[in-house]
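K.L.:
sequence plus predicted model, see below.
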Amino acid sequence: MAAPQAAAKKELTPQQQRMSTCNTQATGKKGDDRKTFMSSCLKGDAPAPAKMTQQQKMTSCNKDASAKSLKGDERKTFMSTCLKG
């Protein structure tokens, strides 16, 4: 009996392969984020780029402001605009 089960396991349908791939890619996602990802992945849609968290935005904007050598009000204005999006 082990042989037919092994053969069935090797020959996954395209939908099963897609489900397996999407499930692997969804590792770490939870709740609505996972549902949305799995839905679009199973439809074959390209995954939407992940939104940056506020902390990631802050790090990125801070790095850009430092690279531009901004100080005082200029830096404050730049950071405000950058963090808004």
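P.N.:
That came through fine. These numbers were taken from a predicted model, which means no experiment stands behind them.
K.L.:
got the contact list for stretch 70-77?
P.N.:
Identification of contacts with stretch 70-77 by CB atoms under 8 Å, 6 or more residues apart in numbering yields 65, 78. (Each C-beta comes from the backbone N, C-alpha and C, glycine too.)
K.L.:
where does pLDDT dip in this protein?
P.N.:
Applying pLDDT under 70 to the chain flags the ranges 1-9, 45-50.
K.L.:
tell me where it has helices.
P.N.:
Counting by DSSP state H, one finds helices in the chain at the ranges 2-10, 14-25, 31-43, 54-67, 72-84.
K.L.:
list the buried ones in the second one?
P.N.:
Neighbour-count burial for helix 14-25, with 16 or more other CB atoms under 10 Å as criterion, is recorded at Cys22.
K.L.:
that helix to helix 31-43, inter-axis angle?
P.N.:
If you take axes from the mean of the first three to the mean of the last three CA atoms, to 10 degrees, helix 14-25 sits at 140 degrees to helix 31-43.
K.L.:
which elements pack onto helix 14-25?
P.N.:
On a contact count with 3 or more CB pairs under 8 Å, 6 or more residues apart in numbering; DSSP states H and E, helix 14-25 meets helix 31-43.
K.L.:
count of residues packed around Asp33?
P.N.:
12 (other CB atoms under 10 Å).
K.L.:
Ser60 now?
P.N.:
13.
K.L.:
and what of the one 3 residues further on?
P.N.:
Burial of Lys63 is recorded as 10 neighbouring residues (other CB under 10 Å).
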